[in-house]
Each structure stands twice: as structure tokens, then as C-alpha cells.
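> Next one to model:
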Amino acid sequence: MAESAPDAARRLWLTIVGDSRAPDDIAAGADRLWGGLSALLGRWIGPSGYQALLNRALGIARSEHACLRDLSCVGGEAALVAKTAGKHGAGEIAESMVRVAALLIDLLGRIVGEDMAIHLVNQVAAPSPRENHEHPARGSI
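Sure thing, here's the model as predicted:
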């Protein structure tokens, strides 16, 4: 049985952040997640295509998670994510990040197929050969 978009999103989040619920870890993880997805998927579907999918995913997730109201999920907003985690709880932020990622994978899957969407997103957590050569102890995230 193939992996589902929610399962892939949760696994990606856990790869990036682990099971930490510390606001600073959640904020740093969110930056790595969205920066990585933007760079990777932007190469495949273009920056405007990625932004359109992200905006749609955020629109859906905001109706389920009030903590996303002020977040853009574009990366570079770690301070705002940490502040939001202090207000709504780091667990809620983590769940909302997973939900947005799952929706993004699902929307992308409607275009390229779910298996390909999951394959592309999984590359965000995979170590880059270039980076591993330069920094053997670190992956791309």
C-alpha cells in the first residue's frame, strides 16, 4: 500500500524536527520545512505554481487551525512561528504545519500523481550529496 499524503507529511515533519515540542525547535523546523519545499518544488512546478498550491493549502488549513492566521509558511518567519507557538502551543503549531504540508502534497498529487508528489517532497528530507561532501555530519535540512 502506498504512503498517504498525511503520512508523508508527518514523517517529513518528524525527520526535520523529531518529536520536540519546544517553540524554538518548532520554529526552526517550520523554516527548514517551508524553505526546503519552496526551493525543491519551485524548481519542479515554478515559484508561482508552488505559491499557488501553498496558498490553497493554507486557505484550507486556516479554517481548521486558527494559529495559521498570521503565518505565511514561506520560511524566514521563525520568530513569528515561535511567538505563535507561545500563544497557541507548540503542539498546535506542529500539527498545523503537518496539515498544511499534507494538503500541499495532496494538491500537488492531483497534478503529478500522489506517488510522484510524495517522492518529490521526500527529497526535502534527503541529504544532498553536495552538502554531505562539504559537511559529512549534516543533511540538507
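
> From the centroid of the protein, which residue is nearest?
With distances taken as C-alpha atoms, centre = their mean, the residue of the chain nearest its centroid is Leu33 (3.9 Å).

> Quickly find the element holding it.
Using DSSP states H and E, Leu33 falls within helix 23-45.

> And Ala28, how far from Leu37?
15 Å (C-beta to C-beta, to the nearest Å). All C-beta spots, glycine's among them, are computed from the backbone N, C-alpha and C.

> mind listing what the residue lying closest to the residue nearest to the centre of the chain once chain neighbours are set aside touches?
Excluding its sequence neighbours, the residue lying closest to Leu33 (C-beta to C-beta, 6 or more residues apart in numbering) is Ile16, at 5.6 Å. By C-beta atoms under 8 Å, 6 or more residues apart in numbering, the residues touching Ile16 are 29, 32-33, 36, 125, 141.

> if you set the cut-off to 7 Å instead, what comes out?
29, 32-33, 125, 141 (C-beta atoms under 7 Å, 6 or more residues apart in numbering).

> Sounds good, over and out.
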